[in-house]
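Student: Sequence first, then the predicted structure:
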Amino acid sequence: MPSFDILLAGIVNGLAAGAVYVLVAVGLTLIYGVLHIVNFAHGSLLMLAMYATYFLFAKAGVDPYAALPVVAGGAFALGYVLYRGVVGRFAHGKDENILLITLGLSIVIDNLALFLFTGDTQTIDVAHAQRMVEFGPLFLPRAKVIAFAAALAICAALGLWMARSDTGKAIRAVAKERQGARLVGIDVDHVFAVSYGIGIACLGAAACLLMPSFYVSPSSGHAFVLIAFTTVVLGGMGSFPGALAGGFAIGVIESLGGLLLGEQLGQIGISLAFILVLLLRPTGLFGARR
Amino acid sequence: MSARARLLLALGAVAALALPLVLPSNYAVNVAVMILFSAFLGQAWNIAGGFAGQTSFGHVVFFGTGAYASTILHATWGWNPWLAWPMAALAGGAVGLGIGALAFRAGLRGSYFALVTLAFAEVFRILANSAEFTRGGLGILIKADARAANFQFRDPAWFYYVALALVAASLAIAWWLRRSRFGAQLAAIRENEDAARALGIDVLRAKTLCMGISGAMAGAGGTFYAQKYLYIDPTIAFGVEKSVEMLLVSMIGGAGTVFGPLVGAVALGFVGEATRALTSAQGLGLVVYGIILVAIVARLPDGLIGLFARRAARRGGRDA
Amino acid sequence: MLEVRGLTRAFGGLKAVDGVDLDVPEGAIVGLIGPNGAGKTTCFAAIAGFVKPDAGSVRFAGADVTGREPHVVARAGMVRTFQITQPFARLSVRENVMVGAWLRHARRAEAEAAAERVARAVGMGAMLDMRAGDLTVAGRKRLELARALATSPRLLLLDEVMAGLNPTEVAEIVGVVRSIRDGGVTILLIEHVMQAVVSLAEQVHVLNQGRIIARGTPAAIVADPAVVEAYLGHGAAARLAGGGGGG
């Protein structure tokens, strides 16, 4: 059994990683909550955003934090177009079909990335992000502290925007009652595309926060697909507070799993959590009845 | 079966038997082996994903279980691989029954079922990566000793015939499902579970059993793969790639049809070889697969085989 | 044949079915009517095992089937249809009906012959090769009936098989239902269409807000003030009586 200090460090590290998972999961849960689409391409789109962040830094010298609005904006546009062009067109069929469409999308994106960027792992070296910050007995790299704070701030802003803005209200109306929303004159397809775009924009933001302390390769998406789904399922599909709690929980499970079970076996925590939640409480910890 | 269909089937069988004699190189024979093998695994997926409509994203878990089961029996315990083969099918079937019973009892359907199978495959991959008896990430090598008694052949044509026998057996299972009470129950469940239940079908039992059959087939496939390449590791045995391949082959050919996986495997095999011939770049072949998958789901829900069926229906319509 | 006692089922705080007693004697056609939202479909679902009752018992052919799984109930010989039709959309009509027939026939040829016989009996002989998803509303209602009938049931629970049909189609289905009963199958039917029930059923139970408020012959039920009130609202019976039956 590791000492208390090491466990504490594990938990804090897990929370820091979890903040980014929250951001990834908020996007996924928003898309599910509004569109009832299980977006299997979520991991691949995150990988794409991570490459965008990488190239902006490596080719143009743009600091990943400064790039955040650009990458998030680009991701929004990509999401909007993808929804209008591909996902949305087939979104009215069976649940499994949507899953297959987004799986097809992820296969295309992953392998296009493999073709264009090769399978090499890429990292960026942002000097100021590597500096350590002291918290009592703990030291954390600045990149993780920033990611933690920024992810929470973005979630709060998104929550506020959903509650207050006209578009946010329209999104919530469509999520609740799409026929009714259509009747009162809301352009439902536009709202769907915007929601999908926002979900992908969250990935853009997450990519910028991840890159300084992480790496990217064409298969990075795989690692995040299961994490994202576990987070969302844990919290309850479609639930914002659920994504928040789920993200932190997954970060801590992952971090402690690695600490207690070792590098290899530690990865099992996330998959097991996912299976157990689905088998025992498929509505998630915060979800309403399906 | 109509006389025409019988004739076509007989011609197809003769052509399949004669193929290794006319193929120009061992490379070509090996491509044919992989196409047949992919058709077999696709059929295993098709039993659950196509006939019963239980779309799985983690079917590799049965393949990998079978591959490890027979390889450990053979390489570690010294069993003859032919004897270990049925054990692989049993192991795959048992895992299929287990996962099926757990997931279906919990009421998982559609996307949730797909995702939970993916998670199970991931759990198995991590376990195989860390356990002693699977030799972790090193994987297990099977000692090369090319004798037929050892399920190893110097001439790939023999692997071709074993694969052909597997495909024939899988087609027979699929054909039986099209005709039998059990198959009708699975089709009813795929179309509408509540209605199936109202008509006296024990939905839980039928779905679980179907996962068992599908798992046993994929498990048997695992042994074939291990004996052909004489090596398995956790990524090969439980990685997401094989799951996706099984699903693609079946979906693209025509899920829920007898010949769909075979048609899909041949089509994807040719696409794969063509892209390989045109470019050495990694990934391009799969990009094409992905696009085909999206197009099929969007425009051709019955797969490539639906094209033939539609043409036949039009012809039938004119004749009538 | 069917004895329901004190059947109760609540969703949240609302009792959709509240202490329902119901008897269906062998060989009868019994109607269960009531205004929209009266709990008729929930009542059926609880009898056939699709929802578990909170209280009460269901006895079928002498055996207690309370809360048993739907397929167990169906195998015992009590089969329901759905108000919102649930066809196996991508299968042909023949294959749809065969799913029912397979319950009692182990061999394909027998199941197929039985399915075709039943399909003809409900007037679907010409539609055997059509995709179920391509049927009209009337066709789907008949398909529900045919599939259930193909299981060789002893008791059929028919959930609004006439809703949404035009008068000609209703008349045809009435004939079909009567011939099914004459073939020895007991029938309990839910209907919103009064006229159909009146012409078919020997005995009618009226459900309102989860409770049985009246029972008797169709003629007696139609004249019952409580039933009129349930359908037309409070005070309607008095108004009708006062208006001297005008309009």
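Tutor: Nice, thanks for sending it over.
Student: Does residue A:240 touch residue A:28 like I think?
Tutor: No - using Cβ atoms under 8 Å, residue A:240 is not in contact with residue A:28, being 11.5 Å away. Placement of C-beta: from N, CA and C, glycine included.
Student: if you count what's nearby, which of these two comes out ahead?
Tutor: residue A:28 (29 against 20; other Cβ atoms under 10 Å in any protein chain shown).
Student: Can you tell me which helices and strands the helix or strand containing the more buried one packs against?
Tutor: Element membership for residue A:28, per DSSP states H and E: helix A:4-35. Applying 3 or more Cβ pairs under 8 Å, 6 or more residues apart in numbering or on different chains; DSSP states H and E, we find helix A:4-35 packed against helix A:42-60, strand A:138-141, helix A:142-164, helix A:166-176, helix A:188-210, helix A:220-235, helix A:240-266.
Student: For residue A:48, grab the count of nearby residues.
Tutor: Residue A:48 has 27 nearby residues by other Cβ under 10 Å.
Student: list the contacts for it?
Tutor: A:78, A:109, A:113 (Cβ atoms under 8 Å, 6 or more residues apart in numbering or on different chains).
Student: Mind putting the residues you listed into CSV with neighbour count and secondary structure?
Tutor: Formatted as CSV, the contacts of residue A:48 follow (neighbours: other Cβ atoms under 10 Å in any protein chain shown; DSSP: H, G, I helix; E, B strand; the rest coil):
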residue, neighbour count, secondary structure
A:78, 20, helix
A:109, 21, helix
A:113, 24, helix
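Student: Lowest average confidence across the helices and strands packed on helix A:4-35, which one?
Tutor: With a mean of 79, strand A:138-141 has the lowest mean pLDDT of the helices and strands packed on helix A:4-35.
Student: Please point out which parts of that strand sit buried.
Tutor: Under the neighbour-count criterion of 16 or more other Cβ atoms under 10 Å in any protein chain shown, strand A:138-141 has A:140-141 buried.
Student: Put the alpha carbons of it into PDB.
Tutor: C-alpha atoms of strand A:138-141 as PDB (Å, rounded to 0.1, in the frame of the first residue of the first chain):
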ATOM      1  CA  LEU A 138       2.500  18.600  -3.600                       C
ATOM      2  CA  PHE A 139       4.100  19.700  -6.900                       C
ATOM      3  CA  LEU A 140       2.100  19.800 -10.100                       C
ATOM      4  CA  PRO A 141       3.200  20.800 -13.600                       C
END
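Student: same for it, what does it pack against?
Tutor: helix A:4-35, strand A:132-135.
Student: Compute the inter-axis angle for the longest one and helix A:142-164.
Tutor: Read that as helix A:4-35. 30 degrees (axes from the mean of the first three to the mean of the last three Cα atoms, to 10 degrees).
Student: List phi and psi for the spatially most central residue of chain C.
Tutor: Closest residue to the average C-alpha location of chain C: residue C:158 at 1.9 Å, with Cα atoms, centre = their mean. Geometry field for residue C:158 lists phi and psi as phi -100, psi 120, criterion degrees, to the nearest 10.
Student: So which residues on chain C come close to chain B?
Tutor: C:48, C:50, C:69-71, C:74-75, C:79-82, C:86-91, C:95, C:98-100, C:102-103, C:106, C:108, C:111, C:147-148, C:151 (Cβ under 8 Å from any Cβ of the partner chain).
Student: tell me, what residue is most central in chain B?
Tutor: Closest to where the C-alpha atoms of chain B average out (Cα atoms, centre = their mean) is residue B:41, at 1.4 Å.
Student: Pretty sure it sits against residue B:247.
Tutor: No - using Cβ under 8 Å, residue B:41 is not in contact with residue B:247; the gap is 9.9 Å.
Student: quick one on the thing from earlier: any idea which of the contacts of residue A:48 is the one closest to residue A:176?
Tutor: Nearest to residue A:176 among the contacts of residue A:48 is residue A:78, at 27.0 Å by Cβ to Cβ.
Student: Name the nearest residue to the closest one, sequence neighbours excluded.
Tutor: In this structure, residue A:78 finds its nearest non-sequential neighbour in residue A:200, 6.1 Å apart by Cβ to Cβ, 6 or more residues apart in numbering or on different chains.
Student: Is residue A:205 in contact with residue A:73, as I believe?
Tutor: No - applying Cβ under 8 Å, one finds residue A:205 not in contact with residue A:73, separated by 10.1 Å.
Student: Comparing these two, which shows the higher neighbour count?
Tutor: Comparing residue A:205 with residue A:73 by neighbour count (other Cβ under 10 Å), the higher total belongs to residue A:205, at 26 against 13.
Student: how about the more buried one, what does it touch?
Tutor: Applying Cβ under 8 Å, 6+ apart, the residues near residue A:205 are A:23, A:68, A:71-72, A:75, A:150-151, A:154.
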